[in-house]
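1. pasted the sequence and its predicted model underneath.
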Amino acid sequence: MVDINKARLLDGWMFEPDLEWLAIQASQHKKILELGAYRGRSTRALCDNTNGTVITVDNWNTEGIADEYDHDCFRNSLSDHLFSGKLIAYRQNTDDYLDYFINKGHKFDFIFIDAWHEYAQVKKDIEGCLKILEQGGMISGHDFNWPGVEQAVKELIPDYNLFNYIWYKEI
């Protein structure tokens, strides 16, 4: 049984069926990477349901201006997981940390991408994530209904699956 009660209370653009899907995946994985967190709705669903660790990367930057309010909402909403060490949050562009994870040989068994939505950046994020995904792991992302996301997924992961607005593939 998964728990999305606290995630439901947070502001965000993810519908409850998508939160439940994330919670189920989190309950089956221990080394989770999330790209894009906004105010922490999806992060909460991941952290509340894994026995492992969640690493999230977001620059909390809206239209070129650092959005301290969203970052503060995220930190306040997830302070228990940040304090316990279950959640590690990096405030940085996804490119920088994907390069870091690749260079250090870090591997993840579940990756969830919900950062940029423009084709070129989504493509870069997927390409980087495929390099750090463990064999047998799952790569996934949100907002398949955005043209840039859809184009990148169809190009790089032609045999993807869909659940609501989430695309995914076990590798």
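-> Cool, the structure landed. Numbering: from 1, shown residues only.

2. from here on, just use CA atoms for contacts and neighbour counts.
-> OK.

3. straight-line length of stretch 6-15, end to end?
-> 14 Å (C-alpha to C-alpha, to the nearest Å).

4. show me how far it is from its chain's centre.
-> Relative to its chain's centre, stretch 6-15 lies at 14 Å (C-alpha atoms, centre = their mean, to the nearest Å).

5. may I see the buried residues of that stretch?
-> Going by neighbour count (16 or more other C-alpha atoms under 10 Å), the buried part of stretch 6-15 is A7, R8, L10, M14.

6. give me the contact list for that stretch.
-> For stretch 6-15, the surrounding residues in contact (C-alpha atoms under 8 Å, 6 or more residues apart in numbering) are E16, L19, Y38, R39, G40, R41, S42, R44, A45, S77.

7. any idea how far D96 is from the second one?
-> When distances are taken as C-alpha to C-alpha, L19 and D96 turn out to be 27 Å apart.

8. with the buried residues of stretch 6-15 in mind, which one is nearest to D67?
-> Within the buried residues of stretch 6-15, the smallest distance to D67 is 16.8 Å, found for L10 (C-alpha to C-alpha).

9. what are the phi and psi values for that closest one?
-> With angles defined as degrees, to the nearest 10, L10 sits at phi -90, psi 150.

10. equivalent analysis for M138, please.
-> phi -130, psi 130.

11. pull the contacting residues for it.
-> So M138 contacts D109, F110, I111, Y168, K169, E170, I171 (C-alpha under 8 Å, 6+ apart).

12. just the helices in the protein please.
-> Shown for the chain, the helices assigned by DSSP state H span residues 5-8, 16-27, 41-47, 68-77, 79-84, 94-104, 119-131, 147-156.

13. which pLDDT does the model give the residue most central in space within the chain?
-> The residue lying closest to the centre of the chain (C-alpha atoms, centre = their mean) is E34, at 2.6 Å. Listed pLDDT for E34 reads 98.

14. number the residues from 38 up from this point.
-> Shifting the count to begin at 38 puts that one at E71.

15. run through the bridge partners of it.
-> The partner list for E71 in beta bridges (DSSP bridges) reads T93, F149.

16. just checking, it touches T80?
-> Yes: using C-alpha atoms under 8 Å, E71 is in contact with T80, at 7.5 Å.

17. which residues are in contact with both of the two?
-> Common contacts of E71 and T80, defined by C-alpha under 8 Å, 6+ apart, comprise V91, T93.
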